[in-house]
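J.: sequence first, then the predicted structure, then my questions.
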Amino acid sequence: MSTRKLHGEHMLTDAGRVEWVSRNAQASALAASPYKWDFPLLARKPDLAFLDSAATAQRPSSVLEAQKRFYETMNANALRGLYELSVEATEAINASRAHVARFLGLDDRNDARDIVFCRNTSEALNMVAQSFAPIVLEPGDEVCITVMEHHSNLIPWQQACRAAGAKLVYMYPDDEGVISEEEMRAKIGPRTKIVSAVHVSNVLGVANDVKLMAQIAHEFDAVMVVDGAQSAPHFPIDLNDLGCDFFAFSAHKVYGPFGIGVLWGRHDLLDAMPPFLTGGEMIDAVTEQTATWAPVPEKFEAGTQDAAGIYALDAALTYVEEVGFDAIQAREAALVAQCMRRLSQLEFVRLIGPSDPAAHHGVVSFNVCTIHPHDVASILDMDGVAIRAGHHCAQPLLAHLGIDSCCRASFAFYNDARDIDRLIDGLNHVWTMFHG
C-alpha cells in the first residue's frame, strides 16, 4: 500500500484499486481507517492488526519528526545555558508544559507551573506516595484505593501504609464493574487521608466516577489522586471539573514518546512536598552541609530532562487535538461494540467486564475456553494479530474476578474493522489448532 496527501485527503491503494477518500467522511466508518497512514509503523505493516494500544500507542509521523527536529535544531541542555540553543530548548519545554496544562483543562499561564515532567505514570504515582504520603499519614490512618488498580497505583500505597503504620482499604466493583456510591461511602471515612483510583481500568475498560470519589474524599479532608494513564488517550480531561488533587498520565499512551510522564498536583500540596529525587536543577542553593530547593516544578525535575521527548509530547497532544476527541470517542466506541458483538458469536469465547459495550473505553478483555491466554496470544501473533495476555499488572482485580489471566484487545482510533476481522479469524484458528 502507498499513500499520498493532497488538500487534506488520502489516496489509498488496496489490492490494486485506487480511490480518493475524504478523511472526514471516513472518520466514522470502520471499514478502513483514514488515520493509519499517519502512523509509519502501521503504514509499513498493513497486515498487522495492532490491538495493544492500552499498553502503548503507536506514534504518528508528526511526533517522530518532532523528536528528530529537536535533536537536529535545538539539542542542548535546557535551563543550563544562556546561549541560543539552550534558550530554545528551555522554551520548547515551557511550551510543552503549557500545552499539557491546556490539555488537562487548566490555565496554561497560571497552572503550567504545577505540571511536573517525569518518566511515566508509575513514577508520578510513586512521587505522590513517597513524597506526599509521609507528610500526612500517621499510624491508624487509612488510604483507600480500588481493587482494579494497576500495580503502579497499588504497590506504592502498600509501601506508604507499611511505612506509616496506616491501613490500606479497598473499594470493590459490582458485577458490571461499577464502584457504587454506597461502596465509596462505606470505605471512605474519617480515618481516610488519601483516596487513589484509576480513572479507567486497563482490564475492564470501565471509567470510575472519580469526580464523586473526590467529592466524598473532600468531605473528610482527604486528598484525591487519579491514575489517568488509560483515560487521557480516550476522552477529554477537565481537572477543574474532576476536582482531584493529583492527576498522572504517560505520554506513550497518548501517541507520544516513551520515557515521559506527567504529574499535576495542587500547587499548595506540591509546594509542601519534599523532592522525590535530588541533584542538578532542583536546587536553589547548596552549601557543604545544607541545600534549599528550587520552586515547583523544578523541585521535582532533578537532572537532565528528556527535552526531545517533552517536545514530542507537545506534538502528540497537537495531533490528538487535530483528530478531536469527538471523532476519537465515536470511532473507538464503534470499534469496541463491533468487537464485542463478534466475540460474543464465538461459543468458545468468554467476555470479561461490563455487558454494555459503551462502558468499555477502548478495552475488551476475554478468555478462550480451555486455552491459556499466553497460547492464544502466541498463535494470534503468527496470524499478525497483536494482543496482550497475562495478568495486566492487575493481579488483585483478576483474583477478585476468579481468574489468573486473560486476553485483552485494546483499541485506538486508528484501528478498523479489518483488525477485528483478523482477530476473529485468528481466534477461530486458535480453537481449531487445539480442538480440530
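T.: Right, received. Where do you want to start?
J.: what about the helices in the stretch 151-300 of the chain?
T.: For the stretch 151-300 of the chain, applying DSSP state H, counting those that start in this stretch gives helices covering 155-164, 181-187, 210-219, 239-242, 267-272.
J.: most packed of the ones you listed?
T.: Among these, the stretch with the highest mean neighbour count (mean count of other CB atoms under 10 Å) is helix 210-219, at a mean of 20. No exception for glycine: its C-beta is placed from N, CA and C like everyone else's.
J.: so what touches it?
T.: Among residues not part of helix 210-219, those counted as contacts by CB atoms under 8 Å, 6 or more residues apart in numbering are 144, 181, 184-185, 188, 192, 195, 197, 199, 223-224, 226, 241-245.
J.: 10 Å - rerun?
T.: With contact meaning CB atoms under 10 Å, 6 or more residues apart in numbering, helix 210-219 is reached by 144, 146, 171, 179-181, 184-185, 187-190, 192-200, 209, 222-228, 231, 238, 241-245, 247.
J.: over to stretch 265-274?
T.: Outside stretch 265-274, the residues within contact range by CB under 10 Å, 6+ apart are 110-111, 113-116, 124, 127-128, 130-136, 223-225, 239, 244-248, 263-264, 293, 295-297, 299-300.
J.: report the buried members of these.
T.: 111, 113-116, 124, 127-128, 130-133, 136, 223-225, 239, 244-248, 263-264, 293, 296-297, 299-300 (16 or more other CB atoms under 10 Å).
J.: look at the nearest residue to Ser365 once chain neighbours are set aside and say how many residues are nearby.
T.: If the residues on either side of it in the chain are set aside, Ser365 comes closest to Ile352, at 4.1 Å by CB to CB, 6 or more residues apart in numbering. If you count neighbours by other CB atoms under 10 Å, Ile352 ends up with 19.
J.: for Ile352, phi and psi?
T.: Dihedral pair for Ile352: phi -120, psi 130, per degrees, to the nearest 10.
J.: who's in contact with it?
T.: Neighbours of Ile352 in contact, by CB under 10 Å, 6+ apart: 177, 203-205, 363-367, 398, 401, 403, 406-408.
J.: now with 6 Å?
T.: 365-366, 406 (CB atoms under 6 Å, 6 or more residues apart in numbering).
J.: any weak-confidence spans in the chain?
T.: 1-28 (pLDDT under 70).
J.: go through stretch 66-80 and flag the buried ones.
T.: Judged by neighbour count using 16+ other CB under 10 Å, the buried positions of stretch 66-80 are 66-67, 70, 74, 76, 78-79.
J.: just put the residues you listed in TSV and tack on distance to Ala307 and secondary structure.
T.: TSV is the format used below for the buried residues of stretch 66-80 (distance: CB to CB, whole Å; DSSP: H, G, I helix; E, B strand; the rest coil):
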residue	distance to Ala307	secondary structure
Ala66	11	helix
Gln67	10	helix
Phe70	7	helix
Met74	8	coil
Ala76	8	coil
Ala78	5	coil
Leu79	9	coil
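J.: tell me the one of these nearest Ile155?
T.: Using CB to CB, Gln67 comes nearest to Ile155 of these, at 30.8 Å.
J.: so that closest one sits against Ile310, correct?
T.: No. Counting by CB atoms under 6 Å, Gln67 stays clear of Ile310, with 9.9 Å between them.
J.: relative to Val203, how far out is the residue nearest to Ser365?
T.: Using CB to CB, to the nearest Å, we find Ile352 at a distance of 7 Å from Val203.
J.: which residues do those two both contact?
T.: Jointly contacting Ile352 and Val203 under the rule CB under 6 Å, 6+ apart are Ser365.
J.: farthest from the middle of the protein: give me that residue.
T.: Distance from the centre of the chain peaks at Glu288, with 41.6 Å (CA atoms, centre = their mean).
J.: residue ranges of each domain in this structure, please.
T.: With domains defined by automatic domain parsing, the chain comprises 22-51+324-435, 64-321.
J.: so how far is Leu242 from Gly303?
T.: According to CB to CB, Gly303 stands 31 Å off from Leu242.
J.: and the residue nearest to Val136 when sequence neighbours are not counted, what does it touch?
T.: Distances taken as CB to CB, 6+ apart place Lys193 nearest to Val136, at 5.1 Å, with adjacent residues excluded. Residues counted as contacts of Lys193 (CB under 6 Å, 6+ apart) are 136-137, 141, 222.
J.: if you set the cut-off to 10 Å instead, what comes out?
T.: Per CB under 10 Å, 6+ apart, neighbours of Lys193: 133, 136-138, 141-144, 164, 166, 217, 220-223.
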